[in-house]
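S.K.: Generate a structure from the sequence data that follows.
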Amino acid sequence: MSISATLNAASQILIAEDSATQAQRLQHILEQHGYPVTGAANGRLALEAAQRNKPALIISDVIMPEMNGYELCRRVKTDARMADVPVILVTTLSDPHDVIRGLECGADNFILKPYDADQLLRRVQFVLVNSQMRRSEQSDMGLEIVFSGQKHFITADRLQILNLLLSTYEAAIHRNKELSSTRDTLRQTNEELQQLTQELEDRVLVRTRELEHSNEALRQAQQALIQQERLSALGQMASGIAHDINNAISPISLYTESLLERETHLSAGGRDRLVTIQRAIDDVAQTVARMREFYRPREPELKLMDVELNALVQQVIDLTRARWSDQPQRRGIMIEMQTKLAPDLPDIRGADNEIRDALTNLIFNAVDAMPEGGVIQVCTSVLTSSTGSGTPGSHVRLEVRDTGIGMDEETRQRCLEPFFTTKGNRGTGLGLAMVYGMAQRHGAALEIDSKPGDGTTMRLLFPVSVAASGSTARVPVLRVPSSSLRLLIVDDDPVLNESLRNALTEDGHCVTVANGGQAGIDSFHGAQKTPEPFDVVITDLGMPYVDGRQVIDSVRASAPRTPIILLTGWGQLTDNEQPPRADRLLSKPPRLRELRTALSELTAPRTDD
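M.R.: Predicted coordinates:
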């Protein structure tokens with residue numbers, strides 16, 4: 001006989017469950033199989049609902065507020081009108097006493113948590129079918145039940161049924177304990193596995209960190225090698241550029257120096273501008289020379305003098321005006337330059353061209369940090385402190401402040417590294433590195449205060465110059481040859497040749513110019529055959545086809561006592577570069593004072609004559 005044929009689709013099932021989630025799940029399962037369902041949030045509400053409308057079955061959780069499932073079942077079974085309503089209790093059955101309490105209150109069956117849908121439906125079908133059978137059974141007959149779709153006729157008495165039920169439950173509890181023991185063993189094994197996994201992960205992490213440290217050390221070594229190669233390439237490139245730059249500015253330098261010396265009718269403004277031009281030329285030459293020193297292991301020797309810092313600040317502001325004023329204004333941007341210069345500022349000991357170049361870099365960086373405009377302040381002041389011996393010590397402070405974008409901590413820590421730049425293709429990463437190098441060579445401290453959005457302050461602290469000593473740079477006495485000299489100038493740059501000839505001709509000398517090394521050799525040998533050979537040869541070093549070394553060798557071969565002055569746009573030569581056998585080595589751009597001094601010394605009467 002089919003179980004479904006015995007069910008009444010109109011059978012009302014009442015659910016007593018305080019968990020809304022569990023109640024909804026239970027109701028969903030039953031309604032999907034055609035059972036009408038009513039829900040109640042606790043035992044008291046469920047009892048009231050059953051009294052109003054007698055259900056065909058009550059399914060109740062055991063643990064609920066106000067009235068638990070056992071009390072609900074007892075109330076239903078003691079109510080004469082509802083005594084035949086079957087009650088299923090939902091429980092974990094964690095204790096055999098739960099069964100006794102269920103039997104005492106008259107429960108018809110249990111559903112164990114957790115349950116699945118098939119288990120629940122079979123239990124509901126079983127209870128409803130057996131409820132119908134109990135209503136028609138005779139007291140002197142056995143009990144006919146349906147289990148798993150089959151009818152069974154039970155003649156056992158209640159005590160037998162109870163014992164069977166308890167023994168079955170005890171077996172289930174025993175099996176549950178075995179399962180719990182297995183679960184505990186599995187949990188312990190899982191914990192050991194997790195521990196082993198953690199140990200393995202820790203070892204992998206340690207090894208990974210070791211590899212990361214090794215990779216970082218390798219990366220730093222590679223970076224150092226790349227940086228060294230860059231520095232070497234920069235120095236070699238600068239050597240080539242230096243020659244062209246120095247040749248280009250040599251005529252400007254010579255004519256500027258000559259105008260300042262000879263044109264006495266110049267206006268004050270015109271003379272100031274020529275002085276600024278001359279100073280800018282000197283700075284360009286010094287900058288090119290320092291760039292070439294990047295790949296050399298030795299430090300160039302500084303020519304120290306007493307520097308008036310306030311005057312130098314004003315010079316740099318004038319020299320950089322186009323960068324911080326004119327260029328931004330063409331883009332509609334306003335940058336205001338402010339100065340706060342301490343009066344009676346003591347001199348500092350240093351190389352003015354290096355300090356001027358460093359200050360120029362700081363102002364350029366301040367401009368770049370204010371793409372929308374702002375304020376630059378250049379300040380000088382004196383800091384006085386007591387040393388450990390109790391004697392006062394003083395420093396001159398030079399600050400460049402801007403109201404720009406500022407730097408984060410990582411950028412501030414790295415900004416002095418060579419080739420580190422935040423300007424992309426617009427920056428070389430050398431500006432602040434050169435400033436730092438200048439500070440180190442001058443025994444000055446370099447401090448940086450900066451935060452994103454709060455601008456940047458670059459601060460240089462120079463020791464105050466002591467009283468002038470015997471090593472203080474003195475203005476050399478101008479030495480001019482007492483008589484007119486016959487000079488041969490050999491250079492492949494016609495503009496430089498012309499400027500040298502004009503300047504030296506104005507000094508009263510007879511100047512011959514040769515455009516190139518071979519032309520110079522030919523001119524010298526031609527003059528040797530006449531009663532008036534050349535008194536001094538001035539030759540360039542770097543020339544095509546026949547260079548200055550070959551000119552010197554040719555002159556020495558035919559006239560060993562003829563003085564030779566070598567001009568070079570390559571900067572100072574090192575021992576490894578095999579300086580040629582010249583009597584004087586002068587760097588381009590040549591200075592009239594240096595040329596005059598060299599000519600005077602080389603043509604002075606010899607003591608061995």
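
S.K.: Mind jotting down where the helices sit in the stretch 301-450 of the chain?
M.R.: 309-319, 321, 327-330, 352-368, 409-414, 431-441 (DSSP state H, counting those that start in this stretch).

S.K.: how about low-confidence regions in the stretch 51-200 of the chain?
M.R.: 93-97, 99-100, 133-171, 174-175 (pLDDT under 70).

S.K.: mind listing the helices in it by residue range?
M.R.: When secondary structure is read from DSSP H, counting those that start in this stretch, the stretch 51-200 of the chain shows helices at 69-78, 97-104, 117-136, 158-262.

S.K.: Now do Leu504 against Ala519, distance only.
M.R.: Applying C-beta to C-beta, to the nearest Å, the value for Leu504 to Ala519 is 18 Å. For every residue, glycine as well, the C-beta is placed using N, CA and C.

S.K.: the more surrounded of those two?
M.R.: Leu504 (22 against 16; other C-beta atoms under 10 Å).

S.K.: Which strands and helices lie in contact with the helix or strand hosting the more buried one?
M.R.: For Leu504, the host element (DSSP states H and E) is helix 494-506. Under the contact criterion of 3 or more C-beta pairs under 8 Å, 6 or more residues apart in numbering; DSSP states H and E, helix 494-506 touches helix 158-262, strand 486-490, strand 510-514, helix 592-602.

S.K.: any idea of the angle the second one forms with helix 592-602?
M.R.: Right, the one you point to is strand 486-490. Per axes from the mean of the first three to the mean of the last three C-alpha atoms, to 10 degrees, the angle that strand 486-490 makes with helix 592-602 is 120 degrees.

S.K.: Okay, now the sheet partners of strand 486-490, with direction.
M.R.: Applying DSSP bridges, strand 486-490 is found paired with strand 510-514 (parallel), strand 536-540 (parallel).

S.K.: So which residues make contact with whatever helix or strand comes next after the last one?
M.R.: What that stands for is strand 536-540. Downstream of strand 536-540, the next assigned helix or strand under DSSP H and E is helix 548-558. The contact list for helix 548-558 (C-beta atoms under 8 Å, 6 or more residues apart in numbering) reads 490, 517, 520-521, 524-525, 528, 537, 539-542, 562, 564, 566, 568, 580-582.

S.K.: Mind doing that once more with 10 Å?
M.R.: 488, 490-491, 514, 516-522, 524-525, 528, 533-534, 537, 539-543, 546, 562-564, 566-568, 578-583 (C-beta atoms under 10 Å, 6 or more residues apart in numbering).

S.K.: Please check the residues you listed and keep the buried ones.
M.R.: Using 16 or more other C-beta atoms under 10 Å as the burial test, the contacts of helix 548-558 include 488, 490-491, 514, 516-521, 524, 533-534, 537, 539-543, 546, 562-564, 566-568, 580, 582 as buried.

S.K.: tell me which residues in the biggest strand by length in the chain are buried?
M.R.: Ranked by number of residues, the top strand in the chain under DSSP state E is strand 374-386. The neighbour-count check on strand 374-386 (16+ other C-beta under 10 Å) flags Gly374, Val375, Ile376, Gln377, Val378, Cys379, Thr380 as buried.

S.K.: which residues touch Arg209?
M.R.: Counting by C-beta under 10 Å, 6+ apart, there are no residues that Arg209 touches.

S.K.: who's Met337 bridged to?
M.R.: In this entry, Met337 is beta-bridged to Ile376, by DSSP bridges.

S.K.: typo on my end, it should be Arg459
M.R.: Beta-bridge partners of Arg459, as defined by DSSP bridges: Glu399, Glu447.

S.K.: Return the distance of it relative to Asp352.
M.R.: Per C-beta to C-beta, Arg459 is found 20 Å from Asp352.

S.K.: Compare these two (neighbour count), which wins?
M.R.: A count of neighbours by other C-beta under 10 Å puts Asp352 above the other of Arg459 and Asp352, at 22 against 17.

S.K.: circling back: most packed of the helices of the stretch 51-200 of the chain?
M.R.: Of all these, helix 69-78 has the most neighbours on average by mean count of other C-beta atoms under 10 Å, namely a mean of 22.

S.K.: Please state the offset of that helix from the chain centre?
M.R.: With C-alpha atoms, centre = their mean, to the nearest Å as the basis, helix 69-78 stands 74 Å off its chain's centre.

S.K.: and that helix, what does it pack onto?
M.R.: Other elements packing on helix 69-78 under the criterion 3 or more C-beta pairs under 10 Å, 6 or more residues apart in numbering; DSSP states H and E are strand 13-16, helix 43-52, strand 57-61, strand 87-91, helix 97-104.

S.K.: if you set the cut-off to 6 Å instead, what comes out?
M.R.: helix 43-52, strand 57-61, strand 87-91 (3 or more C-beta pairs under 6 Å, 6 or more residues apart in numbering; DSSP states H and E).

S.K.: Would you tell me which of those gets closest to Arg279?
M.R.: strand 57-61 (97.6 Å; C-beta to C-beta).

S.K.: could you dump the closest one to PDB, C-alpha only?
M.R.: Output in PDB follows, covering the C-alpha atoms of strand 57-61 (Å, rounded to 0.1, in the frame of the first residue of the first chain):
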ATOM      1  CA  LEU A  57       0.500  17.200  13.700                       C
ATOM      2  CA  ILE A  58       2.700  19.400  16.000                       C
ATOM      3  CA  ILE A  59       6.500  19.700  15.300                       C
ATOM      4  CA  SER A  60       8.200  21.500  18.200                       C
ATOM      5  CA  ASP A  61      11.700  22.400  19.200                       C
END
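
S.K.: Please list the residues outside it that contact it.
M.R.: Defining contact as C-beta atoms under 6 Å, 6 or more residues apart in numbering, one finds that strand 57-61 is touched by Ile13, Leu14, Ile15, Ala16, Glu17, Gly69, Leu72, Pro86, Val87, Ile88, Leu89, Val90.

S.K.: count of residues packed around the first one?
M.R.: I take that to be Ile13. As a burial measure, Ile13 scores 21 neighbours (other C-beta under 10 Å).

S.K.: And the third one, by the same measure?
M.R.: Counted by other C-beta under 10 Å, the residues lying close to Ile15 total 24.

S.K.: Kindly report the same for the fifth one.
M.R.: Applying the criterion other C-beta under 10 Å, we find 23 residues in the vicinity of Glu17.

S.K.: Distance check, it against Ile111.
M.R.: According to C-beta to C-beta, Glu17 and Ile111 sit 12 Å apart.

S.K.: can you check the second one too?
M.R.: As for Leu14, its distance to Ile111 is 15 Å (criterion: C-beta to C-beta).

S.K.: Those two: who's more crowded?
M.R.: Neighbour count, other C-beta under 10 Å: between Leu14 and Ile111, Leu14 has more, with 24 against 20.

S.K.: which ones are touching that one?
M.R.: With C-beta under 6 Å, 6+ apart, Leu14 has these contacts: Thr38, Ala46, Ala49, Ala50, Pro55, Ile58.

S.K.: who touches the fourth one in this structure?
M.R.: Applying C-beta under 6 Å, 6+ apart to Ala50 gives the contacts Leu14, Met82.

S.K.: and what of the third one?
M.R.: Residues near Ala49 by C-beta under 6 Å, 6+ apart: Leu14, Ala40.

S.K.: if you skip the residues just before and after it, what's nearest to Ala83?
M.R.: Excluding the flanking residues, the one nearest Ala83 by C-beta to C-beta, 6 or more residues apart in numbering is Lys77, at 5.6 Å.

S.K.: Surely that neighbour is in contact with Gly106?
M.R.: Yes - judged on C-beta atoms under 6 Å, Lys77 makes contact with Gly106 at a distance of 3.5 Å.

S.K.: Which residue, other than its chain neighbours, is closest to Ala280?
M.R.: That would be Leu319: by C-beta to C-beta, 6+ apart, it lies 6.0 Å from Ala280.

S.K.: One more: Glu308?
M.R.: Counting by C-beta to C-beta, 6+ apart, the nearest residue to Glu308 once its immediate chain neighbours are dropped is Asp347, at 5.8 Å.
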